[in-house]
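Participant: Have a look at this prediction, sequence included:
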Amino acid sequence: MASGVPYVNRMVRIDLTTGKITKSVLDPETTRKFVGGYGIGIKLLYDEVPPETVRPFDPENKIIFQAAPLNGTKYPGSGIVHVSTLGPLTDLMTSAQSNGYFGARMRHVGYETIILEGVAPEWSILVIRDDGIEIRPAGKYLGMGTWQLQDELEAEIGGKYQSTACIGPAGENLIHYAAIECDHGHVIATNGPGAVMGSKKLKAIIISTEHNSVDTWADDFVQARKDALDAASASGLGNMVKRVGTLGYFDNLPPRAGVPTKNYSTNVYDYEQFSMENREQWLDKTRTTCWACPWAHTGVVKITKGKAKGFVAEEPEFEPLAGFTTNMGNDDMGEGIRLCYICEDLGFDGKEMSFVVSLVIECFEKGLLTLEDTGGLELTWGNTEAVDQLLQDIAHRRGFGGKLFGGVKKICEMIGGEALNFGVYSGRGIAPNVVDERMTPMAYYNLTLSETGSFGGFSGPDPEVGNNEPLDPTNFAQIGWYLGGNNTKWLLMDVYGSCFFYSAGKMGPVVHFINLVTGWDMDNEEMLTVGERVKSLARAYNIRAGLTKERELAVSPRFSQPPVDGPTAGVVTKLWDLDVFENFYKRNGWDVATSKPLPETLKKLGLEYVIPDIWKD
């Protein structure tokens, strides 16, 4: 039985052009079919933004902020928010997410869905309170970085409980990999949602509410929360994050050649300098937490040595810090943290920016770019001052940096020649997570076959999805088949409304908690069907937007090249294989020749209305 505020999908639609605000409730049948987060986000995007005629910066594109059943409850890590839109980096859909508080505060203030449409007549800020919604002029906040903006805006608006989602100069200037920044250091990053927000002349959304919960603390919730925490702690990911946070990857990835190093050009580096023992010598840390998170794996840090000594910032996760240390040849961890701060303050996606920086450094080092080309910037490995300036120039579209607005793939095409062999990107034209995903074929395809451009899961045994036998890492057909199942479970983590650190273990405790919140009686099988429905609808949307099998297969040369040195050289000798793609398609009920969801698959999933959109013949 549901306890507290029942889960229904309360929607508010805000026309930024006219200022009209419309409230409604999504019907219960659709809510159960798509649950929340990425699920309802792609349903609304599919139905309302036709990608055949709408481009990312058109007024007709929409930004959908979406919460989910677990958001704002006492389920651990349930502050996450999801944003769905048509993204400018790939011209395909994105569903990107951020931890923090925003998803929880959406539910606390009374909305599971916020749909932004049109373009404001002037730069604006959206203020959402318990008693109403107001569109204000952005005024003094225009041009401001995201960290100062959040501090000043929250002081001005006031209220007991707050959360802010905003863009920096990169979003204002429509950089195609601009992000939306939330709650000081939590980033809605993938595929340029910050640029879409900038195209709508919306600088920030702030929620201010007097409410701090949507559930009660009844005994059944206490036990369900304990079960979920136990399951999360038992997973390999959860166990690491609980102990040392994601910076623990600096300790366990080097032996597997998993730390991104100098633009994927090598896997040999002094990784020991970033080990836990050495990290502690760099940082004086005070722990902070996201909504309902008992692990508090990050915090505010003060740099205790190096060029950035005395600098205070949010502790970055592994990926951005690896991006601004090993991937750009920088040995000064403090400077890496400082660059992470600048990247977020300017409002960039740290993943794409990491590989933009490493690409142009490699091109400069190898003579494809000169000082004349870069406007005098010495873009050499480890030159943090030059990278600092480069980030500022990209965000404000100045000089050489102004040419780098389109992301890694477009920059390779602009420079030409050997640069086409240096870029790290998937066939969709987006940089991967900031790890070296070439460490094993089981990890390599997670981004390449993700509909959203975000993490799509590893291939491996998992009885919950029917992957019952051990996986042979040389059997590419099996890798693709298993990923088709694993991927469904992973995408559900973006449907539940919780940080994936707390939902990456067993499904059962998560589904049970959702049933407590909603009053549903779902089992794992029904939830997996939700995942299959979401995935096939997203694939159909991307097909409409121009995704083809040929494009998906066209991974960049550097990304598809096995490691040339380090611990996996000669061990991982093959990564790209057509069998992976085609068996992934088969597992999902998609056409092997075109990658389109088959009509019978769409019928089985209750998506009959999609068939004429992608099977016109």
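Facilitator: Nice, thanks for sending it over.
Participant: which residues of the stretch 501-617 of the chain fall in helices?
Facilitator: Remark: helices assigned in the stretch 501-617 of the chain by DSSP state H, counting those that start in this stretch are 507-518, 524-545, 549-553, 557-560, 578-588, 599-604, 611-614.
Participant: And those helices, which one averages the lowest pLDDT?
Facilitator: Sorting those by mean pLDDT places helix 507-518 lowest, at a mean of 92.
Participant: how about stretch 538-555: buried residues?
Facilitator: 538-545, 547, 549, 551-552, 555 (16 or more other CB atoms under 10 Å). Just so you know, the C-beta spots here come from the backbone N, C-alpha and C atoms, and that holds for glycine as well.
Participant: ok, now which ones touch the closest residue to Gly258 other than its chain neighbours?
Facilitator: Of all residues not flanking Gly258 in the chain, Met439 sits nearest, at 4.3 Å (CB to CB, 6 or more residues apart in numbering). For Met439, the contact set (CB atoms under 8 Å, 6 or more residues apart in numbering) comprises 253, 256-258, 563, 568, 572.
Participant: most neighbours, which of those residues?
Facilitator: Ala257 (24 neighbours; other CB atoms under 10 Å).
Participant: the strands in the stretch 351-500 of the chain, which residues?
Facilitator: Counting by DSSP state E, counting those that start in this stretch, the stretch 351-500 of the chain forms no strands at all.
Participant: Who are the contact partners of Glu181?
Facilitator: The neighbours of Glu181, taking CB under 8 Å, 6+ apart as the test, are 146, 150, 165-168, 187-188, 194, 344, 347.
Participant: Surely it is in a strand?
Facilitator: Yes - if the criterion is DSSP: H, G, I helix; E, B strand; the rest coil, then Glu181 is within a strand.
Participant: Okay, and the nearest residue to Thr384 once chain neighbours are set aside sits in which element?
Facilitator: Nearest residue to Thr384 in three dimensions, chain neighbours excluded: Glu335, at 4.2 Å (CB to CB, 6+ apart). In this structure, Glu335 is located in helix 333-346 according to DSSP states H and E.
Participant: buried ones in that helix?
Facilitator: Quick answer for helix 333-346 (16+ other CB under 10 Å): 333-346.
Participant: now stretch 358-376
Facilitator: For stretch 358-376, by 16+ other CB under 10 Å, it's 358-365, 368-369, 373-374.
Participant: With just CA atoms, put that stretch into PDB.
Facilitator: C-alpha atoms of stretch 358-376 as PDB (Å, rounded to 0.1, in the frame of the first residue of the first chain):
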ATOM      1  CA  SER A 358      43.100  15.900 -25.300                       C
ATOM      2  CA  LEU A 359      42.400  15.900 -29.100                       C
ATOM      3  CA  VAL A 360      43.700  19.400 -29.600                       C
ATOM      4  CA  ILE A 361      46.700  18.800 -27.400                       C
ATOM      5  CA  GLU A 362      47.700  15.700 -29.400                       C
ATOM      6  CA  CYS A 363      47.100  17.700 -32.700                       C
ATOM      7  CA  PHE A 364      49.400  20.500 -31.400                       C
ATOM      8  CA  GLU A 365      52.000  18.100 -30.100                       C
ATOM      9  CA  LYS A 366      52.100  16.300 -33.500                       C
ATOM     10  CA  GLY A 367      52.200  19.500 -35.600                       C
ATOM     11  CA  LEU A 368      48.700  19.500 -36.900                       C
ATOM     12  CA  LEU A 369      48.000  22.700 -35.100                       C
ATOM     13  CA  THR A 370      50.500  25.600 -34.700                       C
ATOM     14  CA  LEU A 371      50.800  28.600 -32.400                       C
ATOM     15  CA  GLU A 372      49.300  30.600 -35.200                       C
ATOM     16  CA  ASP A 373      46.300  28.300 -35.300                       C
ATOM     17  CA  THR A 374      45.800  28.400 -31.500                       C
ATOM     18  CA  GLY A 375      46.200  32.100 -31.100                       C
ATOM     19  CA  GLY A 376      49.400  31.600 -29.200                       C
END
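Participant: how far does that stretch sit from the chain's center?
Facilitator: Relative to the mean C-alpha coordinate of its chain, stretch 358-376 is positioned 29 Å out (CA atoms, centre = their mean, to the nearest Å).
Participant: From the rest of the structure, what touches it?
Facilitator: With CB under 8 Å, 6+ apart as the test, stretch 358-376 has contacts from 260, 262-265, 323, 327-329, 377-381, 383, 387, 390, 393, 399-400, 404, 408, 411-412, 415, 417-419, 422-424.
Participant: Let me see the domain layout of this protein.
Facilitator: 10-209, 235-421, 439-614 (automatic domain parsing).
Participant: Turn those into a markdown table, including distance to Arg225.
Facilitator: A markdown table is the format used below for the domains of the chain (distance: least, CB to CB, whole Å):
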| stretch | distance to Arg225 |
| --- | --- |
| domain 10-209 | 6 |
| domain 235-421 | 9 |
| domain 439-614 | 7 |
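Participant: Can you tell me which of those domains is most buried?
Facilitator: domain 10-209 (a mean of 23; mean count of other CB atoms under 10 Å).
Participant: Let's see the distance spanning that one from one end to the other.
Facilitator: 16 Å (CA to CA, to the nearest Å).
Participant: for stretch 23-32, same thing?
Facilitator: End-to-end distance of stretch 23-32: 20 Å, with CA to CA as the criterion.
Participant: Enumerate every residue touching the spatially closest residue to Pro169 that is not a sequence neighbour.
Facilitator: Of all residues not flanking Pro169 in the chain, Ala395 sits nearest, at 4.3 Å (CB to CB, 6+ apart). Going by CB under 8 Å, 6+ apart, Ala395 touches 168-170, 173, 175, 346-348, 401.
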